[in-house]
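**Student:** Here is the input, now give the coordinates:
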Amino acid sequence: MMAVPRCLLLAIGALVGLAAAKVKNVVFFVADDLRPQLNKSYGQDQMITPNLDKFAEEALVFDYAFTNFAICSASRNSFMTGRRPPQTRVWNFINDFRQGGLSANGNQGADWTTLPEYFKEQGYMTVGQGKLYHPGHPPNWDEPKSWSQDYSYVNPSNSACNAKHGKGNFCPDGKSDIDKFSDRNVTLSALNNLQLLAKGYHDAGTPFFFGLGLHYPHQSWHVPTNITEMYPNAQDMPIAQHQNAPIGSPDVAFTAELDGMPTLSLNESLPGLKSSCPTNVTGMIEYICPRPNNQTIPAFMQAQLRLGYYSAVTLTDIHFGMVMDELERTGLANETLVVVVADHGWQLGEGAEWGKHTNWERAVRVPLMMRAPWTSAGGQHTQTFFELVDLYKTVVAAAGLDPLGVQDDVDGIDQSSVLINPLETLKSEAYSQYSRCPGNRYWPKRTTGQPDWYMNNCESVPSYNISYMGYTLRDRQFRYTAWYAWNGSVCDAKWDEGPYATELYSHEGEPDQPLNFDAWDLENVVNQSIHAGRVKLMQNKLERQFRLANTSCPPDPVKPGPKPLPNHGLVLQYSNVGLDSCLCTNENCLKNKNAEYNYTEVGSQGYGVDAGSTGAVELLHWYNSTRHDNYVTTATSVPGYAAVSNDVPLGWILKSKPSDLAASDVVEMQVWYNSRTEDHMTASDTQRLAWAKTNGYVFVDTVGYAYAKPTSMSMAAMEHDL
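**Tutor:** Numbering: from 1, shown residues only. So this is what the prediction gives:
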């Protein structure tokens, strides 16, 4: 008798099970950096979100929902797998769960079944688009494991405040076509995919899991002016009541940066901004990010930044409404579980913070709503504590599948029963953590002698070089955080040394609704004797949750690097849209014809050398998102710029001019800079350098030398062999 393959048996069993029990479709909607400052759901009135307000009237609102790590990659690696960060071992933008995840039972991340993958195994069509996982973590959006291969994954469509739009963190734009703004194209694609998925459901009874991740309201906020004009003048907008860090908070709890940038900037000459700033302020203004007790951002600019964030949320609301309207048109709204969630919260100047990147309430608390039309929970609220790691089992069960069928090492609990009884409390505590790397934001460059709040983001820092980890427990009455020095040999806290710093913030007496962002985490009361017993109890709970046996660091990811151009060619590209130059050394960048910036080839700048060549020096790629400036140089660090190549050089050139070659066989690689367009250009071609001189560029430095033609390379190699 011929044996039937196990995978076929699983597929047959899944289809039989789906036929026997009417399971529900799932629309899984993830916003980036969205804090729970929504009107109908969380008792606010500042933002214009009619579609989310309507949805809240039909959904169950979770009043106490929390991320497990307040940064994009770590949070998404966690809730998309149902594992807490100590299992994913993702605390930076280097590792991902597929490459480094390890469960306590020895199950490796490569073998984990993700949330969409579980639905796929149960016979669902799983389709993803936009920012669901963090880009590149895991690679290729976890294709083909998470997603059915009947549909292509649709990449995020992001726009930014580049030179064309006025630069800065917020740039209202009344000129660009609506399709040029963030999330527009991915939303239009979502409408088409929903139609196809609905057809598959109607024709063949195939249920679907449809994931849509929108980039907004992540900054920078490039939004249509007609949306900004829906709001009052920024002059009339209230700003944060408490302008400094929480009283008594340790420096390690604070960060003085925004997404890796040490400054905030706006172009006050833009039509959408100049009416809300002092008359004597024009052009680009830039301020360093606030320090714990030094609010550096003027009040008018804080209000403008709030307007930018609110406008981006309104654009997100519009796109969400388009998707919900399309779901209604398919006739499947009543058969579909819709989940709306954010990867983490955001701080709009409260406590002198802009962004996420902390363990404080505004960064960790998130909006969460679930609409299950076959239940009676619509329009109600639940006060059960919900951690994003609970999403996996809860969504599985709410869709009608068996949560007991998920892998044993999936963390979190099934909270789907609150859709039937919103008064039920299944959890009253939430845990989170955050890493700190003071002075190491531009790793491998390290800055010492600065306070713990100085450039302390760990995004580019290897897990074994992290400095501190802050562990947080939030219950009904208090938020407690213990910061520990990090043991890089096993990637765990130095528990036996005791906490490096501690925090305790009271949430006693706070109403469930409305949320009061100005009332959270105002004073660290950890040293008040009245709280000594509570601190000890919460500390013990933290250790029971996070102190694990047999911890280890994830392996370094394999970085093969892109395929270099033939003969190590160096080709200059330029964008007339972004007013930006970029030296291309590999096939990937030549293929990357970014629709928004439309880079075109300017010409050859010579030919590099092999990595092992005598006198070779690395070409590294740096990027400043605020200025939209790509900068290719041999410098191992560039203040204000983030590494793009992640320690993988773009290529190699010669540090010194070869003495054994004719002058015509060698070109000098020079860096020029245009302060008006904020563009670094790395080039050698005499025509391009002449163009630079006549277009406002000034010479900066000679970074090395390259071969003028491939024959020069061959000749040099032959002479070297001799």
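**Student:** Kindly state the pLDDT recorded for Ala611?
**Tutor:** Note on Ala611: pLDDT of 74.
**Student:** where's the residue nearest to it when sequence neighbours are not counted, which helix or strand?
**Tutor:** Setting aside the residues directly before and after it, Ala611 is nearest to Trp652 in space (Cβ to Cβ, 6 or more residues apart in numbering), at 5.4 Å. Every C-beta, even on glycine, is put in place using the N, C-alpha and C of the backbone. Assigned by DSSP states H and E, Trp652 belongs to strand 651-654.
**Student:** Please work out the average pLDDT along that strand.
**Tutor:** On average, strand 651-654 scores 89.
**Student:** Repeat that for stretch 385-401.
**Tutor:** Mean predicted lDDT for stretch 385-401 stands at 98.
**Student:** Could you do stretch 120-129 as well?
**Tutor:** Averaging pLDDT residue by residue across stretch 120-129 gives 97.
**Student:** thinking again about what came up before, and the residue nearest to Ala611, what does it touch?
**Tutor:** 568, 608-611, 613, 616-619 (Cβ atoms under 8 Å, 6 or more residues apart in numbering).
**Student:** same thing but at 6 Å, please
**Tutor:** With contact taken as Cβ atoms under 6 Å, 6 or more residues apart in numbering, Trp652 is in contact with 608-609, 611, 616, 618.
**Student:** Dump those residues into TSV; add secondary structure, distance to Ser75 and neighbour count as well.
**Tutor:** Putting the contacts of Trp652 into TSV (DSSP: H, G, I helix; E, B strand; the rest coil; distance: Cβ to Cβ, whole Å; neighbours: other Cβ atoms under 10 Å) gives the following:
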residue	secondary structure	distance to Ser75	neighbour count
Gly608	coil	39	28
Val609	coil	42	23
Ala611	coil	36	12
Ala616	strand	40	18
Glu618	strand	32	19
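**Student:** Tell me the one among those nearest to Met469.
**Tutor:** Of all these, Met469 sits closest to Glu618, with 31.3 Å by Cβ to Cβ.
**Student:** pLDDT wise, what is the closest one at?
**Tutor:** At Glu618, pLDDT is 88.
**Student:** Now that it has come up, it's in contact with Pro649, right?
**Tutor:** Yes - here Glu618 reaches Pro649: they are 3.8 Å apart, a contact under Cβ atoms under 6 Å.
**Student:** if we can go back for a sec, tell me the one of the contacts of Trp652 nearest Ile94?
**Tutor:** Glu618 (18.4 Å).
**Student:** which one of the contacts of Trp652 is nearest Ala352?
**Tutor:** Glu618 (37.8 Å).
**Student:** starting at the chain centroid, how far to stretch 163-176?
**Tutor:** In this view, stretch 163-176 has its centroid 21 Å away from the chain centroid, taken as Cα atoms, centre = their mean, to the nearest Å.
**Student:** Pull out the buried positions in it.
**Tutor:** Across stretch 163-176, burial judged by 16 or more other Cβ atoms under 10 Å covers 163-173.
**Student:** same deal with stretch 412-429?
**Tutor:** Counting neighbours by 16+ other Cβ under 10 Å, stretch 412-429 gives 412-416, 418-419, 422, 426 as buried.
**Student:** Which of the three states applies to Pro373?
**Tutor:** Of the three states, Pro373 takes coil under DSSP: H, G, I helix; E, B strand; the rest coil.
**Student:** Any idea how many residues pack against it?
**Tutor:** 16 (other Cβ atoms under 10 Å).
**Student:** Contacts only, for it.
**Tutor:** Asn334.
**Student:** at 8 Å what do you get?
**Tutor:** So Pro373 contacts 58, 333-334, 336 (Cβ under 8 Å, 6+ apart).
**Student:** Likewise for His568?
**Tutor:** With Cβ under 8 Å, 6+ apart, His568 has these contacts: 585, 607-610, 651-652, 713.
**Student:** Let me have those in a markdown table, adding distance to Glu543 as columns.
**Tutor:** Formatted as a markdown table, the contacts of His568 follow (distance: Cβ to Cβ, whole Å):
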| residue | distance to Glu543 |
| --- | --- |
| Thr585 | 49 |
| Tyr607 | 58 |
| Gly608 | 52 |
| Val609 | 53 |
| Asp610 | 52 |
| Gly651 | 48 |
| Trp652 | 48 |
| Met713 | 59 |
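**Student:** Go through the residues you listed and name the one nearest Met80.
**Tutor:** Thr585 (33.2 Å).
**Student:** and that closest one, what does it touch?
**Tutor:** For Thr585, counting by Cβ under 8 Å, 6+ apart, the contacting residues are 564-565, 568-571, 608, 619, 632, 650-651.
**Student:** quick one: the nearest residue to it once chain neighbours are set aside and Trp672, what's the gap?
**Tutor:** Once flanking residues are discounted, Thr585 sits nearest to Gly651: 3.9 Å by Cβ to Cβ, 6+ apart. For Gly651, the distance to Trp672 equals 19 Å [Cβ to Cβ, to the nearest Å].
**Student:** More neighbours: which of the two?
**Tutor:** Remark: of Gly651 and Trp672, Gly651 carries more neighbours, 28 against 22, as counted by other Cβ under 10 Å.
**Student:** hang on, isn't the more buried one packed against Cys589?
**Tutor:** No - under the criterion of Cβ atoms under 8 Å, Gly651 is not in contact with Cys589, lying 11.0 Å apart.
**Student:** So which bits of the longest helix anywhere in the chain are buried?
**Tutor:** Assignment by DSSP state H gives helix 299-329 as the longest helix of the chain. Residues of helix 299-329 classed as buried by neighbour count (16+ other Cβ under 10 Å): 300-324, 326-327.
**Student:** how far does it sit from the chain's center?
**Tutor:** That offset, for helix 299-329, works out to 18 Å (Cα atoms, centre = their mean).
**Student:** mind listing the helices for the stretch 201-350 of the chain?
**Tutor:** 225-228, 299-329 (DSSP state H, counting those that start in this stretch).
**Student:** Including mean pLDDT and distance to Phe62, could the ones you listed go into a markdown table?
**Tutor:** Shown next, in a markdown table, are the helices of the stretch 201-350 of the chain (pLDDT from 0 to 100; distance: least, Cβ to Cβ, whole Å):
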| stretch | mean pLDDT | distance to Phe62 |
| --- | --- | --- |
| helix 225-228 | 96 | 28 |
| helix 299-329 | 98 | 17 |
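**Student:** can you tell which of those helices is closest to Val698?
**Tutor:** The nearest among those, by Cβ to Cβ, is helix 299-329 at 29.7 Å.
**Student:** helices or strands up against the closest one?
**Tutor:** Under the contact criterion of 3 or more Cβ pairs under 8 Å, 6 or more residues apart in numbering; DSSP states H and E, helix 299-329 touches strand 25-31, helix 50-58, helix 184-204, strand 208-214, helix 225-228, strand 263-267, strand 336-342, strand 347-348.
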